[in-house]
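Colleague: Below is the sequence, then the predicted model.
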Amino acid sequence: MASIKRLKKIRERREKRVRSKIFGTEARPRLSVFRSSRYIYVQAIADDVGKTLAQASTLDNELKASSKGLKKIEAAREVGKMLAKNLLSKNIKEAVFDRGRFLYHGRVKGLAEGVREMGVKL
């Protein structure tokens, strides 16, 4: 079995590889995703100015109450919709999706689909 240090190094390498090809601006921010075993977090980052423009997670008060009976993928889709509403209110219609070290399936894919459903182009 691979050691924890080796797995951590592999994870960091994958994260850097994905991140090196993606850059966010104020007009087209980078949507950075973090997925824990229980929650999912996403933030829209403008790398050119080093600023977070919007954020959403399953821990937000609005979503926590409404996502009680939902499965994790459905809750992730709701997080994506909430972030898209925040972006559209700031007149941002395009974004770059940064999956980080996570594979594009399951909750990460559900989040991206939720953002697209609201009309933000990824």
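Modeller: Nice, thanks for sending it over.
Colleague: pLDDT-wise, which helix or strand of the chain ranks last?
Modeller: Least confident element among the helices and strands of the chain, by mean pLDDT, DSSP states H and E: helix 61-66 (a mean of 87).
Colleague: Only alpha carbons, please: show that one as PDB.
Modeller: Provided in PDB are the C-alpha atoms of helix 61-66 (Å, rounded to 0.1, in the frame of the first residue of the first chain):
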ATOM      1  CA  ASN A  61     -27.500  28.900   6.000                       C
ATOM      2  CA  GLU A  62     -29.800  29.100   3.000                       C
ATOM      3  CA  LEU A  63     -28.700  25.700   1.600                       C
ATOM      4  CA  LYS A  64     -28.400  23.900   4.900                       C
ATOM      5  CA  ALA A  65     -32.100  24.100   5.700                       C
ATOM      6  CA  SER A  66     -33.200  23.300   2.100                       C
END
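Colleague: contact partners of it?
Modeller: Contacting residues not belonging to helix 61-66 are listed as 56-58, 75, 78-79, 82 [C-beta atoms under 8 Å, 6 or more residues apart in numbering]. The way it works is simple: take the backbone N, C-alpha and C, and place the C-beta from them, glycine included.
Colleague: Just the ones of those residues in strands?
Modeller: Mapping the contacts of helix 61-66 onto strands (DSSP state E) picks out 56-57.
Colleague: And the contacts of helix 61-66, which is closest to Ala112?
Modeller: Val79 (10.7 Å; C-beta to C-beta).
Colleague: coming back round to it: determine how far the least confident helix or strand of the chain lies from the middle of the whole chain.
Modeller: Once both centres are worked out by C-alpha atoms, centre = their mean, to the nearest Å, helix 61-66 turns out to sit 18 Å from its chain's centre.
Colleague: Could you do stretch 80-98 as well?
Modeller: 11 Å.
Colleague: got the CA positions of that stretch in PDB?
Modeller: Written as PDB, here are the backbone C-alpha positions of stretch 80-98 (Å, rounded to 0.1, in the frame of the first residue of the first chain):
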ATOM      1  CA  GLY A  80     -23.800  25.400  -8.100                       C
ATOM      2  CA  LYS A  81     -27.100  27.200  -8.600                       C
ATOM      3  CA  MET A  82     -26.500  29.400  -5.600                       C
ATOM      4  CA  LEU A  83     -23.000  30.400  -6.800                       C
ATOM      5  CA  ALA A  84     -24.400  31.100 -10.300                       C
ATOM      6  CA  LYS A  85     -27.000  33.400  -8.800                       C
ATOM      7  CA  ASN A  86     -24.300  35.300  -7.000                       C
ATOM      8  CA  LEU A  87     -22.200  35.600 -10.200                       C
ATOM      9  CA  LEU A  88     -25.200  36.700 -12.300                       C
ATOM     10  CA  SER A  89     -26.000  39.400  -9.800                       C
ATOM     11  CA  LYS A  90     -22.500  40.700 -10.300                       C
ATOM     12  CA  ASN A  91     -23.000  40.600 -14.100                       C
ATOM     13  CA  ILE A  92     -20.500  37.700 -14.700                       C
ATOM     14  CA  LYS A  93     -21.800  35.300 -17.300                       C
ATOM     15  CA  GLU A  94     -18.600  33.200 -18.000                       C
ATOM     16  CA  ALA A  95     -16.200  31.300 -15.700                       C
ATOM     17  CA  VAL A  96     -13.400  28.800 -15.900                       C
ATOM     18  CA  PHE A  97     -13.900  25.500 -14.000                       C
ATOM     19  CA  ASP A  98     -11.100  24.400 -11.700                       C
END
